[in-house]
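Q: Next one to model:
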Amino acid sequence: MNPSRIEKAIDEIYEYVENCKPSKLYPNKVTVSKDELYDLLDALRMCAPEEIKRYQKIINNREEILGQAQEQAQQIMSQAQAQTKQLLDQNELVQTAYAQAEQIVKEAEAQAQQILNQAVGEGNQVRTDALYYTSDLLGEAGRNIELSLKEIESKSSMLINVLKKDIEIIKNNRSELQDQISGKIPEEEEAAAAEQTEGQV
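A: Residues are numbered from 1 along each chain as shown. Below is the predicted model:
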């Protein structure tokens, strides 16, 4: 998988810190350019919304999957009703046609429900995977920024405030994602989908 824009931005921050001039008095400390580091942090901040939007599109595909499943279920029901009408119109085979029609409708209902259930399951999985992946990205970004903060916190109180603010934003975003992960899709939504299918029959 190609690295995301967030990962590239974090790598640039790492590379910048590694290339900074070491302090003569403190070998484990480096001297950083505040303007250059601010530019790198601004670039990181701009990447985060783009990454989130990209995975939000994946989540939105769930609605498209459900729509296609419902359309396919409706087509199956329409075909079943057409076959039922055709069988009932044959006067000499009314009883047989009626029994066959009931069987066709039952099979169509079962197939339509199966398709809808499968679509709901796939949509849930896509949504969950996207949330986990975005959460992992934000978690990794948070950890990397915390490491950078420990390296340079003695240099500038202003820089520390900026990094802490970035970490807080990321933690809040991740908390919201964790809430969505924990919530999943309510059972009422699946029940509503089942009732909609029964109503179409």
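
Q: For the chain, list the residue farthest from the centre, please.
A: E92 (56.6 Å; C-alpha atoms, centre = their mean).

Q: Helix or strand next in line after the longest helix seen in the chain, which one?
A: Longest among the helix segments of the chain by residue count, using DSSP state H, is helix 94-152. Where DSSP states H and E defines the elements, the next helix or strand beyond helix 94-152 is helix 157-183.

Q: what angle separates that next one from helix 94-152?
A: Taking axes from the mean of the first three to the mean of the last three C-alpha atoms, to 10 degrees, one finds helix 157-183 and helix 94-152 inclined to each other by 160 degrees.

Q: List the buried residues in helix 157-183.
A: Across helix 157-183, burial judged by 16 or more other C-beta atoms under 10 Å covers L159, V162, L163, D166, I167, I170, N173, R174, L177, Q180. Every C-beta, even on glycine, is put in place using the N, C-alpha and C of the backbone.

Q: And those, which is closest to A112?
A: Nearest to A112 among those is Q180, at 29.1 Å by C-beta to C-beta.

Q: If I look at the residue nearest to that closest one when sequence neighbours are not counted, what pLDDT would I see?
A: What sits nearest to Q180 in space, not counting adjacent residues and going by C-beta to C-beta, 6 or more residues apart in numbering, is L131, at 5.7 Å. Per-residue pLDDT puts L131 at 81.

Q: Next, find the distance separating L131 from Q114.
A: Noted for L131: a distance of 26 Å to Q114, by C-beta to C-beta, to the nearest Å.

Q: Between these two, tell me which one has more neighbours.
A: A direct count of neighbours by other C-beta atoms under 10 Å for L131 and Q114 places L131 higher, at 21 against 12.
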